[in-house]
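# okay, sequence plus prediction incoming.
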Amino acid sequence: MCTHAVCSCRSHEQSVAEESGDEKQLERVRSLYHRQLQLPNPQAPELLQEYEEWETQHGKASVPQHIRAAAQRSSDAAQLRAAHEAAVSADKTADATLLAAYMAYIQLEKAQKDPARVQLLYERAVSVFPVTSELWLQYTRYLETEVKVPTLINQVYARAVRNCPWVGSLWAAALRAHERLGGPDQEHEAMATKALAAGLQGPEDYLAVLLARADCLRHQLPTPAGPSSPAAGKLQAWFTHSRSTMTQYFPAYLDRSLSLQAYCAHVEGVLLGDLASMREVWEDTVKGQLGRYYETWLGWITMERSLRQLSAARSLFKRCYSRHFEEGGQLALAYEWIKFEREEGSAEDLFIASLKVDPIIEQATAAATAAANQPAAAVARAAAQNANKLSRDEIKAKRRANDPNFKERKPGVKRDHEDSTMAPEAAAAGLSSPQKRTKEHADEHMADTTDAGFDAAAAAAAKQPVVYSDEHTVFVKGLGFDVGEEDLRRLFAELGVKSVRLGRDKATGASRGFAYVDFDNDEAVQKASQKDGEVVNGRKLFIAKSQPPGGGGRGRGRGRFDRGG
């Protein structure tokens with residue numbers, strides 16, 4: 001009761017006591033004085049003086065000390081709240097500033113731990129802001145945690161959803177409170193049906209109501225539960241109704257959190273033990289729009305794993321790892337598969353998974369590297385475009401200068417004559433002459449140099465290509481995309497590496513998986529070739545002596561190269 005109400009009641013009782021002079025009536029007046037002096041009141045000193053005069057008139061010489069102390073606390077409390085009362089006075093406009101003032105005032109009263117005054121302030125606030133759903137949610141939560149009177153809580157929730165019928169979170173909170181406070185299931189079902197017909201705004205509002213009702217039905221499942229129990233049938237029917245409702249009202253909505261689908265699958269597989277029904281729910285989910293996201297498949301896999309259905313989980317990984325998911329999900333799923341096999345599978349299972357996902361991981365790594373080095377790649381491409389272009393005759397002259405097997409053709413000697421010098425067996429086998437093979441090898445060699453896409457910055461700076469004879473060079477292939485020049489220098493560190501030329505893609509700057517390593521002498525080349533089959537960063541390397549144009553063997557080589565290291 002507020003100060004004004006107590007004052008009005010006391011005035012009435014005081015007039016009755018003056019007329020009758022009854023002692024009981026005087027005690028009633030005295031009790032009302034005591035109560036009024038304990039309420040926050042800026043006029044508490046004046047009221048105390050009035051009370052002292054009244055007691056003197058009716059035979060008491062002094063006011064009890066605890067009443068004086070209460071009056072002092074009343075005055076202090078009034079001063080503490082004076083600024084807040086001014087901020088929420090009736091003449092203020094109902095705007096965000098007033099709402100913030102009410103919330104500050106409520107926090108003050110909560111700190112004073114007076115539930116009655118907190119409830120009074122909430123009532124004053126909702127009377128000014130009846131359609132502010134957050135205010136209703138805070139009010140009802142306070143009643144549930146502090147006041148704990150079921151009838152009062154349900155009444156306030158009823159007012160809240162009546163004022164804000166479009167807010168799903170309010171309906172959901174009301175449903176959960178009704179269940180928690182022991183309300184009948186028939187009323188709970190009726191409230192959920194009423195909420196779905198109340199004009200909820202968005203898919204999240206509908207989901208909040210549907211899940212609140214599903215929770216209530218799940219709580220009714222017996223232990224242990226079976227798919228044939230009546231409670232299970234009610235819950236399954238509600239899930240079916242929920243999915244059809246969401247599909248009907250929001251056909252394009254994607255709930256990435258899988259709150260309804262995963263819940264339904266959990267009930268079927270984990271609570272009811274029906275794996276077939278669980279997989280049917282997941283199958284319907286991955287065949288829809290949510291199947292474009294790796295989190296959907298991972299949710300299914302995780303549930304199978306939690307049920308120790310490891311073969312089923314592995315089959316799902318094999319089924320979906322090659323899919324191109326949204327937002328880079330393929331790479332994330334590849335790592336999840338490796339993690340799964342490392343924790344659950346055998347060495348063979350891990351090996352098989354690695355074989356399948358390694359290309360995906362390497363491709364993503366190369367793309368990330370290229371994206372990180374875009375400025376350098378752009379500079380290299382610009383330098384290559386600005387470099388001097390050699391004519392066909394200049395290219396031929398440089399090729400001849402670096403080909404130790406090239407011999408100047410004598411005037412008047414035709415190419416056909418050269419071919420005729422071949423052994424009959426070679427001609428019958430369709431082989432060309434050594435000179436012709438040299439030319440073909442050199443032409444292929446030059447084309448390979450052009451396609452390799454090596455960094456041309458150094459060549460551009462010199463205004464002519466850098467030429468390498470590959471005289472003391474090994475050719476290395478099978479490199480992982482993360483292997484750089486420093487890795488190769490470490491591999492051949494004891495042999496005295498002169499330079500490393502790493503093949504790169506012209507467009508992206510990413511490694512193409514091969515390189516040429518130059519040394520000072522043939523002995524180093526021979527020792528380097530003996531490292532054929534070495535493993536670097538998990539990849540087995542092919543290493544052989546590079547064969548420049550005119551040479552033989554299984555290695556590769558070239559006379560013109562863009563980059564030295």
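Now that the structure is in, tell me what you want to look at.
# just give me the neighbour total for residue 542.
Residue 542 sits with 16 neighbouring residues when counted by other CB atoms under 10 Å. For the C-beta atoms, the positions are set from N, CA and C on the backbone; glycine is no exception.
# backbone dihedrals for it, please?
phi -100, psi 120 (degrees, to the nearest 10).
# so it makes contact with residue 478?
Yes. The pair residue 542 / residue 478 is scored as a contact, 5.0 Å apart, by CB atoms under 8 Å.
# what about residue 507, which SS state?
Following DSSP: H, G, I helix; E, B strand; the rest coil, we place residue 507 in the coil state.
# from residue 367, how far out is it?
12 Å (CB to CB, to the nearest Å).
# neighbour count winner among those two?
It is residue 367, of residue 507 and residue 367, that has more neighbours when counted by other CB under 10 Å, with 14 against 10.
# contacts only, for that one.
508, 510 (CB atoms under 8 Å, 6 or more residues apart in numbering).
# quick check: which element contains it?
helix 347-372 (DSSP states H and E).
# list the buried residues for that helix?
Residues of helix 347-372 classed as buried by neighbour count (16 or more other CB atoms under 10 Å): 349, 350, 353, 354, 357, 360, 361, 364, 366, 369, 370.
# my read: the first one touches residue 341, true?
Yes. Taking CB under 8 Å as the contact criterion, residue 349 and residue 341 are neighbours in contact, 4.8 Å apart.
# show me the shaky parts of the stretch 251-400 of the chain.
The stretch 251-400 of the chain contains residues with pLDDT under 70 at 374, 376-392, 394-395, 398-400.
# mind redoing it with 90?
Applying pLDDT under 90 to the stretch 251-400 of the chain picks out residues 327-328, 362-400.
# please enumerate the helices of it.
259-266, 275-286, 294-306, 310-320, 329-344, 347-372, 374-386, 392-401 (DSSP state H, counting those that start in this stretch).
# reformat the ones you listed as CSV; add distance to residue 163.
Listed next are the helices of the stretch 251-400 of the chain as CSV, based on distance: least, CB to CB, whole Å:
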stretch, distance to residue 163
helix 259-266, 27
helix 275-286, 37
helix 294-306, 37
helix 310-320, 48
helix 329-344, 43
helix 347-372, 53
helix 374-386, 56
helix 392-401, 86
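# so which of these gets nearest residue 87?
Across those, residue 87 has its closest neighbour in helix 259-266 (40.7 Å, CB to CB).
# spatially nearest residue to the residue sitting nearest the centre point of the chain (excluding sequence neighbours)?
The centroid of the chain falls nearest to residue 295 when counting by CA atoms, centre = their mean (9.8 Å). Of all residues not flanking residue 295 in the chain, residue 256 sits nearest, at 6.5 Å (CB to CB, 6 or more residues apart in numbering).
# please apply the same query to residue 307.
residue 269 (6.2 Å).
# so the one you found sits right up against residue 302, yeah?
No. With contact defined as CB under 8 Å, residue 269 does not count as touching residue 302 (11.6 Å).
# neighbour count winner among the two?
Ranked by neighbour count (other CB under 10 Å), residue 269 and residue 302 place residue 269 first, with 22 against 15.
# count of residues packed around residue 149?
Residue 149, neighbours per other CB under 10 Å, totals 12.
# now do the contacts for the residue lying closest to it once chain neighbours are set aside.
In space, residue 149 comes closest to residue 143 once its chain neighbours are excluded; the distance is 7.3 Å by CB to CB, 6+ apart. Contact analysis of residue 143 by CB under 8 Å, 6+ apart lists 119, 149, 152, 153, 156.
# what about residue 143, distance to residue 126?
Distance from residue 143 to residue 126, by CB to CB: 12 Å.
# ok, now residue 215?
Applying CB to CB to residue 215 and residue 126 gives a distance of 27 Å.
# more neighbours: these two, which one.
residue 126 (20 against 15).
# residue contacts, the more buried one?
132, 135, 136, 139, 159, 163.
# just the CA coordinates for the helix or strand containing it, please, in PDB.
Assigned by DSSP H and E, residue 126 falls within helix 115-128. The C-alpha coordinates for helix 115-128 follow below in PDB (Å, rounded to 0.1, in the frame of the first residue of the first chain):
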ATOM      1  CA  PRO A 115       9.700  -7.400  -3.800                       C
ATOM      2  CA  ALA A 116       6.500  -5.500  -3.200                       C
ATOM      3  CA  ARG A 117       8.000  -2.200  -4.400                       C
ATOM      4  CA  VAL A 118       9.700  -3.900  -7.400                       C
ATOM      5  CA  GLN A 119       6.300  -5.400  -8.400                       C
ATOM      6  CA  LEU A 120       4.700  -2.000  -7.900                       C
ATOM      7  CA  LEU A 121       7.200  -0.300 -10.200                       C
ATOM      8  CA  TYR A 122       6.900  -3.000 -12.900                       C
ATOM      9  CA  GLU A 123       3.100  -2.500 -12.800                       C
ATOM     10  CA  ARG A 124       3.600   1.300 -13.200                       C
ATOM     11  CA  ALA A 125       6.000   0.600 -16.100                       C
ATOM     12  CA  VAL A 126       3.800  -1.800 -18.100                       C
ATOM     13  CA  SER A 127       0.800   0.500 -17.700                       C
ATOM     14  CA  VAL A 128       2.900   3.100 -19.600                       C
END
